[in-house]
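Chemist: Could you look at this predicted model? Sequence included:
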Amino acid sequence: MAGYVCPVGSSSPHARSNACPPGTFSNHLHLFDKSQCETCPARFVCTRGTGGKQKPPVPCPVGHYCPPGTKYPAQYKCAPGTWSNRTSLASEEECLPCPAGWFCVAGAHVPSGRCSPGHYCPDGTRTSTQFPCPAGTYSTRLGNGRVEDCIACPVGSYCTDGTSKPTLCPVGTYRKEQGAKVSEDCVPCPGGYHCPELGTVAPQACGAGRFSDPGSASCLSCLVGHYCADEITSREAMLLAMVCPAGLLCPEGQAVAPDANGNACPRGYYCPRGDIVRGSVWLLLFTILSSSGLCFWEARVESVLLLESLPALGCLIFLLWFP
């Protein structure tokens, strides 16, 4: 029987053990040894027992190629990045490169899918994410075929490799230029400004009477003993250059340079420079006035000395320091 051999002592012409092995065939009768089976020709598949009209060699399937001696249909797949919609290929070189904008897995008989957003797929691409858009660029589209299809990351954002949706710069930072690659490319908001929203493009000035540190998402009221006359006052400028002069009183949120008309020290008080350390030193001075039997109490609080009289029996000077 074609496709089989009948060695001495065979009891059946259809015994599986007597079939021509996979990768071979025979159209002849009266064979007695498997070595007489012929190698399967290129472009065809020969499974076990191939031969004759009842089981001829099968054409190589689409997405595959079949060199001589091919044993089963899926033995030789077109490589990843290639495809074929034709049958009876003999070599890998006959598989076609995957077209730009698509990717092709192994054994594809049609391109396997469109290139993923945030990526591009030149000819011969194997997976949808093989070629990510470079850092500093992004793409929301399917099916990009060239790196030039990736566009610059927008202002207020940064784009790492393979970005399909830009990431907004965090609060307290901003980005005026396109093409940021990592979060560190977002610039800390400068002192005197604030960046309250994700994706800030231009910092917002704090305004008079307020200040901020670098990297701030919000501004603070100007500190007692200082003034914030500029629209963009930083903490450093406030502490070093905008100190309330001696003899004047600057409350929280002072928005203009103090003067004697609007900021004079109240009657019965005295006002040292505003940069005297506040809240750290209390000076209590008890003085006995022998003629009246009264004690005058002076306490330094927020750079203002209060004067009150209290009954007392003796004279005491007491100095307390707090860290």
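Modeler: Now that the structure is in, tell me what you want to look at. Numbering: from 1, shown residues only.
Chemist: Tell me how far Ala19 lies from Tyr158.
Modeler: 65 Å (Cβ to Cβ, to the nearest Å). Glycine gets a C-beta too; all of them are placed from N, C-alpha and C.
Chemist: neighbour count winner among the two?
Modeler: Tyr158 (25 against 22; other Cβ atoms under 10 Å).
Chemist: nearest spatial neighbour of that one, skipping sequence neighbours?
Modeler: Excluding the flanking residues, the one nearest Tyr158 by Cβ to Cβ, 6 or more residues apart in numbering is Ala180, at 3.8 Å.
Chemist: my guess is Glu93 is in a strand, correct?
Modeler: No: if the criterion is DSSP: H, G, I helix; E, B strand; the rest coil, then Glu93 is helix and not within a strand.
Chemist: any idea how far it lies from Ala19?
Modeler: 32 Å.
Chemist: what's the answer for Asp213, then?
Modeler: Asp213 is 85 Å from Ala19, by Cβ to Cβ.
Chemist: on that earlier part again, please report phi then psi for the residue nearest to Tyr158.
Modeler: Main-chain torsions, Ala180, degrees, to the nearest 10: phi -70, psi 140.
Chemist: mind checking pLDDT for it?
Modeler: Listed pLDDT for Ala180 reads 97.
Chemist: Count the neighbours of it for me.
Modeler: 26.
Chemist: Would you mind confirming that it is in contact with Thr163?
Modeler: No: at 10.6 Å, Ala180 does not count as touching Thr163 under the criterion of Cβ atoms under 8 Å.
Chemist: what is in contact with those two at once?
Modeler: Shared contacts of Ala180 and Thr163 (Cβ atoms under 8 Å, 6 or more residues apart in numbering): Cys153.
Chemist: who touches the residue nearest to Tyr158 in this structure?
Modeler: Gly136, Cys153, Ser157, Tyr158, Cys159, Cys169, Cys186.
Chemist: For this structure, which residues score under the pLDDT cut-off?
Modeler: Residue ranges of the chain with pLDDT under 70: 3, 9-11, 13, 275-323.
Chemist: And Glu184, how far from Arg175?
Modeler: Going from Glu184 to Arg175 by Cβ to Cβ gives 11 Å.
Chemist: Counting neighbours, go ahead and name the busier of those two.
Modeler: Arg175 (24 against 9).
Chemist: The chain: helices as residue ranges?
Modeler: Along the chain, counting by DSSP state H, helices occupy 235-241, 260-263.
Chemist: Quickly compare those and say which is most buried.
Modeler: helix 235-241 (a mean of 16; mean count of other Cβ atoms under 10 Å).
Chemist: Remind me what it packs against, helices and strands.
Modeler: strand 210-212 (3 or more Cβ pairs under 8 Å, 6 or more residues apart in numbering; DSSP states H and E).
Chemist: Report the spatially closest residue to Tyr4, excluding sequence-adjacent ones.
Modeler: Tyr4's closest residue in space is Asn18 (Cβ to Cβ, 6+ apart), at 5.0 Å.
Chemist: Surely the one you found is in contact with Val5?
Modeler: Yes: between Asn18 and Val5 a contact is recorded at 5.4 Å, counting by Cβ under 8 Å.
Chemist: shared neighbours of those two, anything?
Modeler: Common neighbours of Asn18 and Val5 (Cβ under 8 Å, 6+ apart) do not exist.
Chemist: and the closest residue to Pro7 other than its chain neighbours, how many residues sit next to it?
Modeler: Nearest non-adjacent residue to Pro7, counting by Cβ to Cβ, 6+ apart: Phe32, 5.3 Å away. For Phe32, the neighbour count with other Cβ under 10 Å is 12.
Chemist: what's the spacing between Phe32 and Pro21?
Modeler: Counting by Cβ to Cβ, the gap from Phe32 to Pro21 is 15 Å.
Chemist: try Cys271
Modeler: 108 Å.
Chemist: Equivalent analysis for Gly172, please.
Modeler: Per Cβ to Cβ, Gly172 is found 73 Å from Pro21.
Chemist: More neighbours: which of the two?
Modeler: Applying other Cβ under 10 Å to Gly172 and Pro21 shows that Gly172 carries more neighbours, namely 20 against 14.
Chemist: need the contact list for that one.
Modeler: Contacts of Gly172 (Cβ under 8 Å, 6+ apart): Pro188, Cys189, His194, Cys195, Gly215, Ser216, Ala217.
Chemist: if we go to 10 Å?
Modeler: 186, 188-189, 194-196, 200, 203, 212-218 (Cβ atoms under 10 Å, 6 or more residues apart in numbering).
Chemist: For PyMOL, write the selection for the buried entries among the residues you listed.
Modeler: Of the contacts of Gly172, the buried ones go into a single PyMOL selection, burial set by 16 or more other Cβ atoms under 10 Å:
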select buried, resi 186+188+189+194+195+200+203+212+213+215+216
